Every structure is written in structure tokens, then in C-alpha cells.
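Enquirer: sequence and predicted structure, then a few things I'm wondering about:
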Amino acid sequence: MNLLLYTWFNSYTDDDIDRNLRNAGVSVRRVVDVTAASGDRYDNDAFSAKFEKLLGEGSFDCVMTTNVFPLIARGCHKAGIPYIAWSYDSPPNLSSLENLDYPTNYIFFFSKDDVQSYRNQGLTNVYHMPLAVDTSKWDAVKPAPEQMQVSLVGSLYHSTLPMLMSFMSDEQKEFFKKLSDIQFNTRDRYLLPEFITDGIADEICRTFAAGGKTDLRPSRKQLIYSAASYVTHLDRLLLLKLLSDKTEVDLYTADNEKEVRELLPSVKYHAPVSYAEGMPAVFKASKVNLCPVFRGNVSGIPLRILDVCGCGSLVMSSFCPELAECFEEDKEIVMYRSVGEAIEKTLFYITHDDIRARIAQAGYVKVKERFTYSDRLQKMFETAGLMT
């Protein structure tokens with residue numbers, strides 16, 4: 001098979017996909033064009049011409065990307081070449097269904113909820129495909145020099161919602177405040193899409209326009225994402241605050257603004273770490289790795305959780321439906337359904353080394369056997385009719 005791997009999103013998984021494709025004997029031509037992410041992914045004649053020229057230079061059996069690039073889908077459709085897109089984000093950052101319904105498209109989401117959402121909108125070429133981890137890559141990384149009790153590697157999810165609310169009417173502000181509070185205290189149901197309607201988005205845009213903010217026209221999707229980011233931000237602040245009052249907590253993030261540090265005075269701040277070396281070293285040196293799931297990801301298993309397991313370390317995740325389907329709770333991973341439960345379980349596992357090590361090892365075995373790139377790639381190729 002002759003495959004074009006187009007790296008436009010610069011995701012963490014592209015190197016792993018490339019390496020595993022080559023190990024499987026696939027002939028891969030990789031193009032890295034991360035500047036494409038900053039352009040219009042639906043209407044860009046210059047990009048389309050460049051991409052169609054690229055397709056004409058090689059006899060490709062398939063084109064693959066991480067996340068969906070609508071113009072690549074259109075170019076592949078014109079050339080009659082199968083296009084495989086494997087989603088790395090949930091929810092997907094897609095503003096419309098344009099170019100998504102081509103019969104040459106094979107779009108894979110790691111979240112079952114996203115698959116169902118797009119099928120409900122009429123797409124038939126969307127499929128479920130959980131993410132993967134290459135444990136052999138993490139096996140070669142040594143732990144950080146000093147052992148840590150509890151760590152979190154990642155963003156605090158600063159949101160645009162407070163800025164947007166500053167231009168809203170009093171009634172609109174109250175609506176988003178109450179809705180955020182309700183969602184913050186509700187973990188078994190994703191309420192934001194139910195209550196943030198197109199009508200509410202239109203009303204907010206009219207309020208902004210009347211106030212002279214004609215440059216602000218948030219869509220329903222953008223408002224939902226903004227609210228989900230805000231609730232996730234509150235989730236992480238509260239978890240870190242309460243845990244750091246009881247034990248040592250290390251945070252590796254770029255979100256180190258003064259106001260955040262003042263809210264979390266007991267947390268030990270560190271600069272962001274590299275995905276390839278720094279992150280797995282932290283995971284391996286931490287007794288408990290916090291993995292609070294982004295609220296906008298309703299069901300899918302995030303890559304961060306698989307990476308922690310792939311390092312042979314303990315995952316402490318907020319409840320995730322597909323994680324509960326694929327892993328034995330408290331035997332392969334640990335989940336919590338409230339901040340109180342997260343604190344109780346974390347304090348237990350940092351003081352029970354044998355139990356913690358046994359769960360971490362079981363999680364490692366599970367991802368090593370069941371979450372491999374070779375399995376995922378083969379299934380996607382079979383779906384696209386490229387392998388039998």
C-alpha cells in the first residue's frame with residue numbers, strides 16, 4: 001500500500017502512526033504542513049491547488065490525517081482516493097458538514113458520542129475508533145529523578161466565557177452562571193448542548209451587536225465549547241485546591257497566571273514538559289496521575305489516560321463511560337464521580353504501594369494488548385476496503 005500521511009494538525013499521534021505504518025510494511029510519504037491549521041479549512045484555492053498537485057505526483061492508495069481536514073476530503077474525492085481521518089479531539093472542531101459526506105471519506109472518532117452525533121445529522125461514513133498507545137516507546141523513558149505523590153500534566157482550560165459574559169445582558173449572564181453551576185455539579189449528564197440553543201446564540205449575537213461588539217458573533221458550538229471549558233477549569237481548580245491542602249501536588253502547565261497561583265498556593269508549579277520525554281518521565285515518577293476529563297468529551301477515552309497506562313502508572317480519572325466499558329475499575333484504572341471521592345481515593349493509593357502497583361501494572365497490560373496502533377490501523381484500512 002502506498003499512503004500519504006498529511007500532518008497538518010501536528011498532533012502527538014502522527015509520529016506514532018508514521019512509525020507503526022512503516023513497521024507494518026506500508027509505503028508512507030509524509031508531508032508536514034502545520035501552517036495549514038491556521039488557514040480556512042473549507043475554502044482555500046491555494047491549498048487545494050497545492051494538495052491536488054501533490055496527489056498527482058504520487059500513486060497513492062490512501063490519504064490519512066489526524067483530525068478531519070475538509071479540503072483534503074474534497075481533494076481526495078476529486079481524485080477518487082480513500083481519505084481516512086482519525087479524530088484526536090472531542091468534540092471535533094468542525095464548523096459544518098461541508099465535504100464530510102463524500103463516499104471516499106472514512107472518518108473515525110474516538111468518542112462514541114461524536115459518532116452518534118454525526119450519524120444523527122445524516123452522515124453514514126463515520127465510525128468509532130478508540131485511540132492507541134505505543135508502550136514500547138514509553139518503555140524506553142526513565143522516570144523523573146524525584147518521586148512525586150500526585151501530579152497533573154496539562155491545561156487548566158482557561159475559557160472565553162467570562163469575557164463573553166462581560167458583554168451579555170444581566171439575564172444572559174445569569175443564564176450562563178446558573179447553567180455552569182448546574183453542569184459543574186452534574187457528572188452523569190452533559191447538559192450544555194441541551195440548553196444552549198441556536199436561539200440563545202442568536203440572541204447573544206444581537207446583544208453584542210447592539211452594544212457595538214459587531215466583531216463578536218459566537219455560534220452555538222462556540223458557546224457550548226466555551227462553557228464546557230469553563231466548567232472544566234472549575235473542575236481542575238477545585239480538585240487541585242482540595243488535594244494540595246492534604247498532600248503534595250505537582251502541576252505541569254503553561255497556565256501559571258498570578259491569579260491562578262493565588263488560588264492554588266500549595267500546588268508546586270512546573271513549566272510544561274515535552275510529550276516525548278518529559279511527560280512520560282513525570283507519569284512514571286508520580287504515585288497518582290490526575291486525569292480529569294474535559295467536560296466536552298462526553299464518552300471517549302482521552303489519549304492522556306492511555307499514555308499514563310502505557311507508562312505503567314496509576315490513572316485517577318473522572319468518570320468516563322468508555323473507560324468503564326474497556327477497563328476494570330479499581331483493578332486496571334481508578335475513577336471518581338465527585339471531588340470528595342477523588343480525594344479519598346488519591347489519599348488511599350499514595351499510601352498503599354502494593355495495591356497501586358498492581359492496578360498500574362494491570363492497566364499497562366491492558367493497553368499493551370488491546371490499544372495498539374497495529375490493531376487500530378488494520379481496522380481502519382479494512383473499513384476503507386484497503387485490506388481484507
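Expert: Received the coordinates, thanks. Numbering: from 1, shown residues only.
Enquirer: which residues of the stretch 51-200 of the chain fall in helices?
Expert: 70-79, 112-120, 135-139, 161-165, 170-184, 192-195, 198-210 (DSSP state H, counting those that start in this stretch).
Enquirer: and the stretch 201-350 of the chain, by the same measure?
Expert: Counting by DSSP H, counting those that start in this stretch, one finds helices in the stretch 201-350 of the chain at the ranges 220-244, 258-263, 278-285, 303-310, 321-326, 339-349.
Enquirer: need the contact partners of the last one.
Expert: Yep, that's helix 339-349 we're talking about. With contacts defined as C-beta atoms under 8 Å, 6 or more residues apart in numbering, helix 339-349 is touched by 150, 238-239, 242-243, 246-247, 287-288, 290, 314, 316, 318, 334, 336, 355-356, 359. Every residue, glycine included, has its C-beta placed from N, CA and C.
Enquirer: just the buried ones from these?
Expert: 150, 239, 243, 247, 287-288, 290, 314, 316, 318, 334, 336, 356, 359 (16 or more other C-beta atoms under 10 Å).
Enquirer: per-domain residue ranges of the chain.
Expert: 2-132+373-383, 138-370 (automatic domain parsing).
Enquirer: would you mind giving those as CSV with mean pLDDT added?
Expert: Below are the domains of the chain laid out as CSV (pLDDT from 0 to 100):
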stretch, mean pLDDT
domain 2-132+373-383, 96
domain 138-370, 97
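Enquirer: now, which of the contacts of helix 339-349 lie within strands?
Expert: Members of the contacts of helix 339-349 lying in strands (criterion: DSSP state E): 150, 287-288, 290, 316, 318, 334, 336.
Enquirer: of the buried ones among the contacts of helix 339-349, which pair is most distant in space?
Expert: Within the buried ones among the contacts of helix 339-349, two members stand farthest from each other by C-beta to C-beta: 239 and 359, at 19.7 Å.
Enquirer: most tightly surrounded among the helices of the stretch 201-350 of the chain?
Expert: Highest mean neighbour count among these (mean count of other C-beta atoms under 10 Å): helix 303-310, with a mean of 26.
Enquirer: what comes into contact with that one?
Expert: Taking C-beta under 8 Å, 6+ apart as the rule, helix 303-310 contacts 12-13, 88, 131-135, 138, 153-154, 279-280, 283, 289, 291, 314-315, 317, 320, 323, 332-333, 360, 363-364, 366-368, 371.
Enquirer: again with stretch 374-388
Expert: Around stretch 374-388, the neighbours that count as contacts under C-beta under 8 Å, 6+ apart are 1, 17, 20-21, 23-24, 61-62, 82, 84, 86, 106, 108, 127, 129-132.
Enquirer: what about dumping the CA coordinates of that stretch to CSV?
Expert: Extracted in CSV, the C-alpha atoms of stretch 374-388 (Å, rounded to 0.1, in the frame of the first residue of the first chain):
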residue,chain,number,x,y,z
SER,A,374,-1.3,-2.1,14.6
ASP,A,375,-4.9,-3.1,15.6
ARG,A,376,-6.4,0.3,15.1
LEU,A,377,-4.7,0.9,11.7
GLN,A,378,-5.7,-2.5,10.4
LYS,A,379,-9.3,-2.0,11.4
MET,A,380,-9.4,1.4,9.7
PHE,A,381,-7.9,0.0,6.5
GLU,A,382,-10.4,-2.9,6.5
THR,A,383,-13.3,-0.4,6.9
ALA,A,384,-11.9,1.6,3.9
GLY,A,385,-11.7,-1.6,1.8
LEU,A,386,-7.9,-1.4,1.7
MET,A,387,-7.3,-4.7,3.4
THR,A,388,-9.3,-7.9,3.8
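Enquirer: quick one: buried residues of that stretch?
Expert: Buried, per 16+ other C-beta under 10 Å, within stretch 374-388: 376-377, 380-381, 383-384, 386.
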